[in-house]
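Colleague: generate coordinates for the sequence data below:
(one chain, ligands or ions: 1)
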Amino acid sequence: IFDTSQQGSIEVAKEISNLIRERASKGQNCVLGLATGSSPIKVYEELVRMHREEGLSFSNVVTFNLDEYYPMEKGNIQSYHYFMHQHLFDHVDIAPGNIHIPDGTVSIEEIKEYCRSYEKKIEEEGGLDFQLLGIGRTGHIGFNEPGSHHNSATRDITLDHITRVDAASAFKGVENVPRKAITMGISTIRNAKRIILLAWGQNKAEVVKATIEGEISSEVPATYLQEHGNATFVMDKEAAAQLT
Ligand code: F6R
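Modeller: Numbers count the residues shown, from 1 in each chain. Okay, the predicted model is just below:
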């Protein structure tokens, strides 16, 4: 628990940069699972600063993003594809071929096969070394909404109404928020060797309490993280306010 999201974000960026450098020193790739939304923005800012000022290279980094709205064009400013390039990829030396973001333009008929191939690519890279997460007010991680099975893999999912309401301002009205998304599954996330979940602000206090102190349940999918051996929640005082 940090006083500010700024302080917490700097610590998380340090851990990520240490992992990238450690892998590079052994001539290995570093496979990162990444999130979008407001929570990781300062982490990405700090990583970009480290790239510019401290020589942190992303040349050995392979990334897999958690999710994308469906349907969604890549060039749309509301897409997670756009978000990731704007906040991170356009500012570091990552190879474009190492970037993986679920494709919101695949056809309905292709979606199942596409999701299977996304899982396969993660496996082929040796699995996720590190997964960065935010948390939604529904308890979703990625877009695994309440009801998600702990063995779920990458798939298309219907967004919860609360999630769509929370995204409404970015889309200028809830009616414009896509109803569906493609998301990595709970099992995809749980297979990551290391997980850090970020939660900032009082808006997250209730779901943080349910996630950490509540029973493990598909009703709050983030509770599945209680069973992960190497997961840390990084939050500010406001998000931690309801913890006992
Ligand atoms: C985003 C994602 C979501 C968000 C969550 C919190 O890729 O997977 O689970 O992390 O909705 O969003 P923010 O950070 O905007 O509060």
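
Colleague: could you measure from the spatially most central residue of the chain over to the ligand?
Modeller: Nearest to the geometric centre of the chain sits Ala35, at 2.3 Å (C-alpha atoms, centre = their mean). With distances taken as C-beta to the nearest ligand atom, to the nearest Å, Ala35 is found 4 Å from the ligand. Where you see a C-beta, it was placed from the backbone N, CA and C, and this is true even at glycine.

Colleague: what of Ile20?
Modeller: With the distance defined as C-beta to the nearest ligand atom, Ile20 ends up 20 Å from the ligand.

Colleague: surely that residue touches Gly55?
Modeller: No: between Ile20 and Gly55 there is no contact under C-beta atoms under 8 Å: 11.4 Å.

Colleague: what residues are up against Leu198?
Modeller: Contact analysis of Leu198 by C-beta atoms under 8 Å, 6 or more residues apart in numbering lists 5, 8-9, 12, 35, 39-40, 43, 132-135, 234-235.

Colleague: the nearest residue to Glu54 once chain neighbours are set aside - how many residues pack around it?
Modeller: With C-beta to C-beta, 6 or more residues apart in numbering as the measure, Ser17 is the residue that lies nearest to Glu54, at 7.9 Å, once sequence neighbours are left out. The number of residues packed near Ser17 is 18, by other C-beta atoms under 10 Å.

Colleague: now do the contacts for Ser17.
Modeller: By C-beta under 8 Å, 6+ apart, the residues touching Ser17 are Leu47, Met50, Glu54, Leu56.

Colleague: which stretch of helix or strand covers it?
Modeller: According to DSSP states H and E, Ser17 maps onto helix 5-25.

Colleague: any idea how far the ligand is from the residue nearest to Glu54?
Modeller: Look at Ser17 and the ligand: by C-beta to the nearest ligand atom, they are 21 Å apart.

Colleague: quick check: buried residues in the helix holding Ser17?
Modeller: Of all the residues in helix 5-25, those buried under the rule 16 or more other C-beta atoms under 10 Å are 5, 8-10, 12-13, 15-17, 19-21, 23-24.

Colleague: ok, now stretch 203-214?
Modeller: For stretch 203-214, a neighbour-count test (16+ other C-beta under 10 Å) marks Lys204, Ala205, Val207, Val208, Lys209, Ala210, Thr211, Ile212 as buried.

Colleague: with secondary structure added, can I get those in TSV?
Modeller: Output for the buried residues of stretch 203-214, formatted as TSV (DSSP: H, G, I helix; E, B strand; the rest coil):
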residue	secondary structure
Lys204	helix
Ala205	helix
Val207	helix
Val208	helix
Lys209	helix
Ala210	helix
Thr211	helix
Ile212	helix
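
Colleague: thanks again, I'm all set now.
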